[in-house]
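Chemist: Just to be clear, the model below is a prediction. Sequence and coordinates:
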Amino acid sequence: MDDFTRTTWTQLLQNKTQVGPAIIHFFHMIHTQFHASIFMVRSDNGTEFINSVCLQFFSDKGVVPHKSIVGTPQQNGIAERKHKHLLSTAWAIRFQAGLPKHFWGECLLAATHIINKLPAAILHWHSPFEKLYGKPPTYDKSQSHWLP
């Protein structure tokens, strides 16, 4: 999640060993699509973020890894609330659509897409999409796209 725009990107992974390559891919996508650099990465001190692959990549890129103290999720309050919002929205989508559990990932991606296009009080009633792209999102399904 981007602190400024509150835009959220979700990547489905099979296991934690895929985190390093996913982070590297994400950094390249941000650089290519937005001509921007990531300066700091916040994490919950999980081993998937403090392994040799990630730490070497962060060091090579000059990125400051910011780690919260173990057992203090309140230090990652914004991310924790976003995580809860994503999960509850994905659950609601799956429940309302009557989808089986194996569609959970698709529901989570759809929840991310929806939340990124919803206006938020913290953004003065602009959407994360609008803050990121500088234009309001379209809600017409024929013109909609799934980024981010």
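Modeler: Yep, it's here. Numbers count the residues shown, from 1 in each chain.

Chemist: Surely Asn76 is within a strand?
Modeler: No - assigned with DSSP: H, G, I helix; E, B strand; the rest coil, Asn76 falls outside any strand and is helix.

Chemist: can you count the residues close to it?
Modeler: 18 (other Cβ atoms under 10 Å). To be clear about C-beta, it is placed using only N, CA and C from the backbone, and glycine gets the same treatment.

Chemist: That one reaches Lys67, doesn't it?
Modeler: No - using Cβ atoms under 8 Å, Asn76 makes no contact with Lys67, being 9.8 Å away.

Chemist: what touches both of these two?
Modeler: Common contacts of Asn76 and Lys67, defined by Cβ atoms under 8 Å, 6 or more residues apart in numbering, comprise Arg42, Ser43, Asp44.

Chemist: Which of those are buried, as a PyMOL select command?
Modeler: A single PyMOL command selects the buried members of the shared contacts of Asn76 and Lys67 (16 or more other Cβ atoms under 10 Å):
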select buried, resi 42+43+44
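
Chemist: Out of the shared contacts of Asn76 and Lys67, which is nearest to Tyr139?
Modeler: The nearest member of the shared contacts of Asn76 and Lys67 to Tyr139, counting by Cβ to Cβ, is Arg42 at 31.1 Å.
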